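Participant: Provide a 3D model corresponding to the input given below.
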Amino acid sequence: MESKKHLIAASNLLLGPTNFLILPLPENWNLGQGLSPPEVNSNTTWGEAMWVTSGRASHFLYDPHREVGLELEVKISRGKREPKYRLNLVKDQGAVRLGKHEGSYILGEVKRGFPRRKTAKTLRCSLYCQETKRTIDMEFVGDCAEEDLAQIFEAICGLECH
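Facilitator: Numbers count the residues shown, from 1 in each chain. Model prediction:
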């Protein structure tokens, strides 16, 4: 499956860009900025780039041809942290290689919204990067087909975190 890479980063007039990660997505999916701007609490330099060591970013993914979308939230924490997955229904979970690192994933359903709670499909992944000493958590959630999440899951296994 063909994929294209998307840089998730925050801009700063004084420091320049600070990268969260480089996220590959299936060719037909696009990445857009979420409702809230990215937050960077701390960063480190690795190679020629600055990388977030604590912060969060929200984005949305969409396939314009099929009119399907998902929300993406990326959370970065300093040090190694165990993932905290809370789902209403777990369909699959296990270990996975994300980029050059061992990670974990869980696929299932969550309840969202207030006051009317709706069921949404979710894919959550977590990895620890030894080089930048940070934990990366990603959550994809939305009303989509399971095949959509499977496509995204296959693509993001090639992510770059430094």
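Participant: Tell me which residue of this structure is furthest from the middle?
Facilitator: What lies farthest from the middle of the chain is P115; by C-alpha atoms, centre = their mean that is 26.7 Å.
Participant: now the most centrally placed residue in the chain, nearest residue through space, not along the chain?
Facilitator: Centrality entry for the chain: nearest residue to the mean C-alpha point is M138, 3.3 Å, by C-alpha atoms, centre = their mean. Counting by C-beta to C-beta, 6 or more residues apart in numbering, C125 is the residue found nearest to M138 once chain neighbours are left out, at 4.8 Å. Just so you know, the C-beta spots here come from the backbone N, C-alpha and C atoms, and that holds for glycine as well.
Participant: Now the phi/psi pair for the one you found, please.
Facilitator: Per-residue torsions, C125: phi -130, psi 150 (degrees, to the nearest 10).
Participant: Please apply the same query to A150.
Facilitator: phi -60, psi -40.
Participant: Now for it: which residues touch it?
Facilitator: Applying C-beta atoms under 8 Å, 6 or more residues apart in numbering to A150 gives no contacts.
Participant: distance of it from K118?
Facilitator: From A150 over to K118 the distance is 21 Å, taken as C-beta to C-beta, to the nearest Å.
Participant: One more: C129?
Facilitator: C129 is 34 Å from K118, by C-beta to C-beta.
Participant: If you count surrounding residues, which of those two has more?
Facilitator: More crowded of C129 and K118, by other C-beta atoms under 10 Å: C129, with 22 against 9.
Participant: What residue, apart from its backbone neighbours, is nearest the more buried one spatially?
Facilitator: C161 (4.7 Å).
Participant: What separation do you get for the one you found and R66?
Facilitator: C161 is 29 Å from R66, by C-beta to C-beta.
Participant: Neighbour count: those two, which is higher?
Facilitator: C161 (23 against 12).
Participant: Now do stretch 117-136, average pLDDT.
Facilitator: For stretch 117-136, mean pLDDT rounds to 93.
Participant: oh, I was asking about stretch 61-71
Facilitator: So the average pLDDT for stretch 61-71 ends up being 92.
Participant: Make 402 the first number, not 1, from now on.
Facilitator: In the new numbering, first residue 402, that becomes stretch 462-472.
Participant: Bridge partners for the residue nearest to the centre of the chain, pull those for me.
Facilitator: V475, C526 (DSSP bridges).
Participant: Same check on G495?
Facilitator: Beta-bridge partners, per DSSP bridges, of G495: Y506.
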